[in-house]
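Trainee: Show me how the following folds:
(chains A, B, C and D)
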Number of protein chains: 2
Amino acid sequence: MPTTRPATDYDERVIAAAREVFTQYGFAAPISEIARIAEVGVASIYRRYPSKRELAEQVRIASTSRIIEEAEDALARESEPWEVLRRFMYGCLREHTGIGVVLPPHGGCEGFSEELLRLRSRMISLVERIVTAAQDAGELRADLRAADVFVLFKHLNPPLATDESRRAELRARYLTLVLPGLREACVPLPGQAPEWEELRRMCEEGPAPDHSKE
Amino acid sequence: MPTTRPATDYDERVIAAAREVFTQYGFAAPISEIARIAEVGVASIYRRYPSKRELAEQVRIASTSRIIEEAEDALARESEPWEVLRRFMYGCLREHTGIGVVLPPHGGCEGFSEELLRLRSRMISLVERIVTAAQDAGELRADLRAADVFVLFKHLNPPLATDESRRAELRARYLTLVLPGLREACVPLPGQAPEWEELRRMCEEGPAPDHSKE
DNA sequence: TCCTCACCGGAACGGATTATTCCGCTTCGG
DNA sequence: CCGAAGCGGAATAATCCGTTCCGGTGAGGA
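Mentor: Numbering: from 1, shown residues only, chains lettered A, B, ... in the order given. Okay, the predicted model is just below:
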């Protein structure tokens, strides 16, 4: 947790690049790739964050906060429960939100800061509130769990090898495709809905693609 | 292309394990992990396949053939165009089909065998036939391209850290969730549909998760 | 029973990748 | 023109992974 760092735009460039790289390739992606995207030297990253682990933590904090903002914003701006959910999902999948980085890695949350754990549970309860409200209003199929929404996020955010803006476009495309299916349950969903605990165990991978031949 | 190999069940164990590992973690996953899953020594893999590249090629061939079978089976068994598509998609996402491994890696198809390229284009034209037929019958939204179907496959096949049977269950769950949204276009899809050429450029990553702390 | 041979699993090797550190250079204030 | 602060990228050391090597094992024949 960097306490007082000099205020440059380096900070946001680094975090933005790290979010992009981690989101796309997973936390195994090399720091040098982040430096390349941020147009910054590797050392400049280490000058601000003591280790890769710490950088990852900051990225998680930033993204989780952003998701929370999206949820609160959706709750504040929309009254119709379905519209709340809709706005929330589009918001989360918007460019630079960095969903897909908010779930903890394989092996659980040990070593996470109190701050991040707090943000995480806040995020989860907001999503549950949104989902439950939509279901109570009969506008969202009842056999869906809040955790399903996160799996959908994960599904809609795969590491495709294009630039971020195109990926954002595709995310919106497929969310639009998926949304109508969420409303009414013509056919009951097969399989058990995932629990948060199970979801917690589903890590992201996305190790390094071949950055050499480029 | 291994010409004549001794007939053990090793062969199928290796291919099955490789398909599972490559599907989940991408082609960057270590061979040793495949050996572990197959309960086989590393050398036993190399005794049959001259290199990792060759093994990957065989896995691709096996999976692509399987997808082709699913498509032909669906076309043969169903007459209703929508049911053809439906059966095809469920079939592809069934356990052990290994979809998600059939798209070429970053950097194109250079070095692929003629056989695989032939299978690939056969697979693509079958999918296009199925999609087009459903659209002509007015049972599938018209602003969807065949390549979208593959992106959906990719979306529905993310590397979740569970056993394969649970993953298959979840794939079915989310396909059921998604399918109804494909039928009618209440809202037009935003963004440009991906072209095959673009899809070709979208590689899979999924580099190695931490196999050490397990 | 003992020898031979085919085959297997896992350790060993060498190259490649990467987190982290070090250092010379640039730049800006005085 | 000097000095310091901050930067980029090369250098370092450890790790990982593809591939090869080797001793072990068990079936089958003498």
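Trainee: So which bits of chain A are right by DNA strand D?
Mentor: Residues of chain A found near DNA strand D, taking C-beta under 7 Å from any atom of the strand as the criterion, are A:P6, A:T8, A:Y10, A:E39, A:V40, A:G41, A:V42, A:A43, A:S44, A:R47. Every C-beta, even on glycine, is put in place using the N, C-alpha and C of the backbone.
Trainee: Can you pull up the most central residue in chain A?
Mentor: Among the residues of chain A, the smallest C-alpha distance to the mean C-alpha position (C-alpha atoms, centre = their mean) belongs to A:I99, namely 1.5 Å.
Trainee: How is that residue assigned, secondary-structure-wise?
Mentor: Here A:I99 is recorded as coil under DSSP: H, G, I helix; E, B strand; the rest coil.
Trainee: got any ranges where chain A has weak pLDDT?
Mentor: Of all residues in chain A, those with pLDDT under 70 make up the ranges A:1-8, A:104-110, A:158-159, A:196-214.
Trainee: What segments of it are helices?
Mentor: Counting by DSSP state H, one finds helices in chain A at the ranges A:10-25, A:31-38, A:42-48, A:52-77, A:81-93, A:114-136, A:146-155, A:164-178, A:196-201.
Trainee: And for the second one, what's in contact with it?
Mentor: Taking contacts as C-beta atoms under 8 Å, 6 or more residues apart in numbering or on different chains, the residues outside helix A:31-38 that touch it are A:10, A:13-14, A:16-18, A:20-22, A:25, A:41-42, A:44-45, A:52, A:55, A:208, A:211.
Trainee: can you pull the buried residues of stretch A:60-79?
Mentor: Residues of stretch A:60-79 classed as buried by neighbour count (16 or more other C-beta atoms under 10 Å in any protein chain shown): A:60-68, A:70-71, A:74-75, A:78.
Trainee: number of nearby residues for A:L140?
Mentor: Applying other C-beta atoms under 10 Å in any protein chain shown, we find 22 other residues in the vicinity of A:L140.
Trainee: A:E57 too?
Mentor: When neighbours are counted by other C-beta under 10 Å, A:E57 registers 18.
Trainee: What distance do you get for it to chain B?
Mentor: 17 Å (C-beta to the nearest C-beta, to the nearest Å).
Trainee: what do you get for A:E95?
Mentor: 12 Å.
Trainee: so what's that residue closest to, chain neighbours aside?
Mentor: If you skip the residues right next to it in sequence, A:E95 has A:A168 as its closest partner in space, 4.0 Å away by C-beta to C-beta, 6 or more residues apart in numbering or on different chains.
Trainee: How about A:E39?
Mentor: A:R13 (7.2 Å).
Trainee: filter the contacts of helix A:31-38 to the buried ones?
Mentor: So, of the contacts of helix A:31-38, A:10, A:13-14, A:16-18, A:20-22, A:25, A:45, A:52, A:55, A:208 end up buried under the neighbour-count rule (16+ other C-beta under 10 Å).
Trainee: TSV for those, including distance to A:W82?
Mentor: Supplementary listing: the buried ones among the contacts of helix A:31-38 in TSV, determined by distance: C-beta to C-beta, whole Å:
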residue	distance to A:W82
A:Y10	42
A:R13	37
A:V14	38
A:A16	32
A:A17	35
A:A18	34
A:E20	31
A:V21	34
A:F22	32
A:Y25	34
A:I45	42
A:K52	41
A:L55	38
A:A208	40
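Trainee: Can you tell me which of those residues is nearest A:E128?
Mentor: Comparing these against A:E128 with C-beta to C-beta places A:F22 closest, at 25.4 Å.
Trainee: Next, find the distance separating the residue lying closest to the closest one once chain neighbours are set aside from DNA strand D.
Mentor: Excluding its sequence neighbours, the residue lying closest to A:F22 (C-beta to C-beta, 6+ apart) is A:V101, at 5.3 Å. Computed with C-beta to the nearest atom of the strand, to the nearest Å, the distance linking A:V101 and DNA strand D is 21 Å.
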